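S.K.: Need the 3D shape of this:
(one chain, ligands or ions: 2)
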Amino acid sequence: MYTQSLDIPGNVQPIGASADVNASPEQQRFDAVMEADGKIEPQDWMPEAYRKTLVRQISQHAHSEIIGMQPEGNWISRAPSLKRKAILLAKVQDEGGHGLYLYSAAETMGVSRDQLVDALHAGKAKYSSIFNYTTPTWADVGVIGWLVDGAAIMNQIPLCRCTYGPYARAMIRICKEESFHQRQGFDALLSMMKGTQAQKDMVQQAVDRWWWPVLMMFGPSDKDSIHSGQSFQWGIKRISNDDLRQKFVDATVEQAKILGVTLPDPDLKWNEERKAHDYGAIDWEEFWRVVNGDGPCNKERLATRVKAHDDGAWVREAALAHAEKQATRAHQQAA
Ligand SMILES: [Fe+2]
Ligand SMILES: [Fe+2]
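M.R.: Numbers count the residues shown, from 1 in each chain. Ligands and ions are numbered 1, 2, ... in the order given. Just a heads-up that it's a prediction; the model follows:
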């Protein structure tokens, strides 16, 4: 899924002016690729800051996919029908797959999956804060599909054109699957909105819980967005946080009307002059509090992830032992 926090601060130094005539031939080639909006591949030379930015972004994205399995995963055994259970199983499994494509993409930049996972487990790496919120009802699962996956798609479509080839290619497949996720969420909510008053109330309450955290998924406002400038120059970022947020609000207002839910913002209204919706102020204090570890479920999510990794140690050890046995056998047969 999902990617707020893609430009949450890290230790990245800005590169020098790209039109530097004294630049090395490698730098000049890199600059020419950026200029032509081409692709950088793993074997190509790249500036260290470009590599670091992408390792941070792709790994934050991978961690988000894997941690994002938890809030919905805990509803698989409680899905209201066999059909909804099968859909949710497929969706949560997709998210695991997204994490694996993305760890692989990050590995092409010279880091190992173990290093990235260790950083997550040690609390040094970020993942999207949206997964630190709770899913107390079945309607929350539908709202995650509709709004969280919907916001993720808005964020991620421009990444299909990222200048780093392996990331761009991973994103094309991921976006297709996210589109299914968004539709299944909307469909689940639509069924509930055709049901009893209690079901309708459950959907509305879930929308009330998720609306503001979802708007935060697009990251800090453009004026406070630390890495955006450099990421634009490198063709990693294409549309600003505020512009993406606006596109999302405008698209979602129409979908909310079809569902028959109210978006919990008294300031939300069409602005004829801007040809866009105005919306209320986002609570950035809450955003930073959750990013920095003090959300409703930060500790629980990380503890669950670490336990799952530890519980799976025997599987990794068994796979390695099997691979060694196969290699020894192949060696003996060849001798
Ligand atoms: Fe995903
Ligand atoms: Fe998703």
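S.K.: Going by C-alpha atoms from here, please, whenever you check contacts or count neighbours.
M.R.: Fine.
S.K.: hang on, Trp146 packs against Glu178?
M.R.: No: counting by CA atoms under 8 Å, Trp146 does not reach Glu178; the two are 10.1 Å apart.
S.K.: Just list the residues touching Ala105, thanks.
M.R.: When contacts are counted by CA atoms under 8 Å, 6 or more residues apart in numbering, Ala105 touches Ile58, Pro166, Tyr167, Ala170.
S.K.: Just give the nearest non-adjacent residue to Pro264, would you?
M.R.: For Pro264, ignoring the flanking residues on the chain, the nearest one in space by CA to CA, 6 or more residues apart in numbering is Asp208 at 5.7 Å.
S.K.: Just the element for the one you found, please.
M.R.: Assigned by DSSP states H and E, Asp208 belongs to helix 197-216.
S.K.: List phi and psi for Asp278.
M.R.: Main-chain torsions, Asp278, degrees, to the nearest 10: phi -80, psi 150.
S.K.: and the gap between the residue in the stretch 51-200 of the chain positioned nearest to ligand 1 and Gly195?
M.R.: When scored by CA to the ion, the stretch 51-200 of the chain has Glu95 as its residue closest to ligand 1, at 4.3 Å. Per CA to CA, to the nearest Å, Glu95 is found 29 Å from Gly195.
S.K.: So for those two, which sits in the more crowded spot?
M.R.: Ranked by neighbour count (other CA atoms under 10 Å), Glu95 and Gly195 place Glu95 first, with 24 against 11.
S.K.: how far away is the more buried one from Pro296?
M.R.: From Glu95 across to Pro296, the span is 22 Å (CA to CA).
S.K.: if we can go back for a sec, what residues sit buried inside the helix holding Asp208?
M.R.: For helix 197-216, burial by neighbour count (16 or more other CA atoms under 10 Å) applies to 199-200, 202-216.
S.K.: Quick check: what element follows it along the chain?
M.R.: Next along from helix 197-216, by DSSP H and E: helix 228-233.
S.K.: Just the buried positions in that next one, please.
M.R.: Residues of helix 228-233 classed as buried: Ser228, Gln230, Ser231 (neighbour count, 16+ other CA under 10 Å).
S.K.: of these, closest to Asn132?
M.R.: Distances from Asn132 to those, taken as CA to CA, are shortest for Ser228 (24.3 Å).
S.K.: That closest one contacts Ile236, correct?
M.R.: No: if you go by CA under 8 Å, Ser228 and Ile236 don't touch, sitting 9.0 Å apart.
S.K.: follow-up on the earlier one: leaving aside the residues adjacent along the chain, what's closest to the residue of the stretch 51-200 of the chain closest to ligand 1?
M.R.: Glu65 (5.3 Å).
S.K.: where along this protein do the strands fall?
M.R.: Under the criterion DSSP state E, the chain contains strands at 269-271, 276-278.
S.K.: between those, which one is nearest to Tyr127?
M.R.: For those, the distance to Tyr127 is smallest for strand 276-278, at 28.6 Å, taking CA to CA.
S.K.: re the thing from before, next one, pLDDT for the residue nearest to Pro264 please.
M.R.: pLDDT for Asp208: 98.
S.K.: Check Gly16 too.
M.R.: Here the pLDDT value assigned to Gly16 is 45.
S.K.: same thing with Pro9?
M.R.: Note for Pro9: predicted pLDDT of 47.
S.K.: The top helix by length along the chain - contacts with which helices or strands?
M.R.: In the chain, taking DSSP state H as the definition, the longest helix is helix 165-193. Under the contact definition 3 or more CA pairs under 8 Å, 6 or more residues apart in numbering; DSSP states H and E, helix 165-193 sits against helix 82-107, helix 138-143, helix 150-156, helix 197-216, helix 241-259.
S.K.: hey, C-alpha coordinates of the shortest one in CSV?
M.R.: Right, the one you point to is helix 138-143. Extracted C-alpha coordinates of helix 138-143, given in CSV (Å, rounded to 0.1, in the frame of the first residue of the first chain):
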residue,chain,number,x,y,z
TRP,A,138,-15.6,-4.6,10.0
ALA,A,139,-16.4,-1.2,8.5
ASP,A,140,-12.9,-0.1,9.2
VAL,A,141,-11.6,-2.8,6.9
GLY,A,142,-13.8,-1.4,4.1
VAL,A,143,-12.7,2.2,4.8
